[in-house]
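K.L.:
using only what follows, build the 3D model:
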Amino acid sequence: MSTTSADALARLWSERGFDIDDDAVVALDQHRLFGRIAPLVVEIGSGMGDATIAMAATDPGRDYLAIDVHTPGLGNLLAQAEALGLTNIRAARGDAVELLRHGIDSGALDAIHVFFPDPWPKARHHKRRIIDPDRVALMRDRLRVGGVLHTATDWPDYAEQMLEVLTAEGGLRNLHDGFAPRGERPVTKYERRGTNAGRPIHDCVFARSS
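P.N.:
The predicted structure follows:
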């Protein structure tokens, strides 16, 4: 962890971050965390925070909660947010699914972003992939009607699985015909890594319909 990230964590974590305790997840208090109630976007697996920073900077009317298990990445996120004067970013460390299941109400989220999650490439590990029917049903429930679930991956077989699972979730509708155009989603280091390795990038953008 860089000195800048470590310093940001030490100074800002108590105000702008929290730990997800798998044994006793506390309900998310958005007003306490952000100081206001605004449309809320959750990013699952925020990495070093590049996408969160870029999107929050151009979208001040919404609040962004970045969730990851990687402490240095969360430190980098908070350091960048402070340097840019962004007040609509907060961080959570731990299992995003546990927070969704026990700490966030049905219909509470404006959007969920899952950009370049661990592909678990070995077939015997596919069950660990976050985009599966049960978790997608949970994500759909936590979105408001019309709220958006946006996923992206550079692994072709995972992309096909994502599209299949999202399409099969009856409470979601595809906003595009098949895979979505890349649009204005920020480029992350994971995307660059996949592109440099010759892997195609696939996005899926679905909205809660019911």
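
K.L.:
where does A79 fall, phi/psi-wise?
P.N.:
phi -60, psi -40 (degrees, to the nearest 10).

K.L.:
likewise D132?
P.N.:
phi -140, psi 170.

K.L.:
unless I'm mixing things up, it is touching E164, no?
P.N.:
No: counting by C-beta atoms under 8 Å, D132 does not reach E164; the two are 10.5 Å apart. Yep, even glycine has a C-beta here, placed from its N, CA and C like the rest.

K.L.:
and for these two, which residues touch both?
P.N.:
Shared contacts of D132 and E164 (C-beta atoms under 8 Å, 6 or more residues apart in numbering): none.

K.L.:
enumerate the positions of the strand or helix carrying A6 that are buried.
P.N.:
In the assignment (DSSP states H and E), A6 maps to helix 3-16. For helix 3-16, the neighbour count (16 or more other C-beta atoms under 10 Å) marks 5, 8-9, 12-13, 16 as buried.

K.L.:
reformat those residues as JSON lines; add pLDDT and distance to A27.
P.N.:
Below are the buried residues of helix 3-16 laid out as JSON lines (pLDDT from 0 to 100; distance: C-beta to C-beta, whole Å):
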{"residue": "S5", "pLDDT": "93", "distance to A27": "28"}
{"residue": "A8", "pLDDT": "95", "distance to A27": "26"}
{"residue": "L9", "pLDDT": "95", "distance to A27": "24"}
{"residue": "L12", "pLDDT": "97", "distance to A27": "22"}
{"residue": "W13", "pLDDT": "96", "distance to A27": "20"}
{"residue": "R16", "pLDDT": "96", "distance to A27": "18"}
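
K.L.:
mind checking the longest strand of the chain?
P.N.:
strand 143-153 (DSSP state E).

K.L.:
need the distance between the two termini of stretch 51-71.
P.N.:
17 Å (C-alpha to C-alpha, to the nearest Å).

K.L.:
report the buried residues of that stretch.
P.N.:
Going by neighbour count (16+ other C-beta under 10 Å), the buried part of stretch 51-71 is 51-57, 63-68, 70-71.

K.L.:
how far does it sit from its chain's centre?
P.N.:
8 Å (C-alpha atoms, centre = their mean, to the nearest Å).

K.L.:
ditto for stretch 134-154
P.N.:
10 Å.

K.L.:
okay, buried residues for that stretch please.
P.N.:
So for stretch 134-154, counting by 16+ other C-beta under 10 Å, buried means 135-136, 139-144, 147-154.

K.L.:
and the two most separated of those?
P.N.:
Across the buried residues of stretch 134-154, the longest distance by C-beta to C-beta is 29.2 Å; it joins R144 and D154.

K.L.:
what are the contacting residues of stretch 176-185?
P.N.:
With C-beta under 8 Å, 6+ apart as the test, stretch 176-185 has contacts from 51, 55, 115, 150, 152, 159, 163, 201-205.

K.L.:
swap in 7 Å and give it another go.
P.N.:
152, 163, 201-205 (C-beta atoms under 7 Å, 6 or more residues apart in numbering).

K.L.:
can you tell me how far H126 sits from T4?
P.N.:
37 Å (C-beta to C-beta, to the nearest Å).

K.L.:
what does P186 give?
P.N.:
In this view, P186 and T4 are 21 Å apart by C-beta to C-beta.

K.L.:
who does T153 form a beta bridge with?
P.N.:
Judged by DSSP bridges, the bridge partners of T153 are H202.
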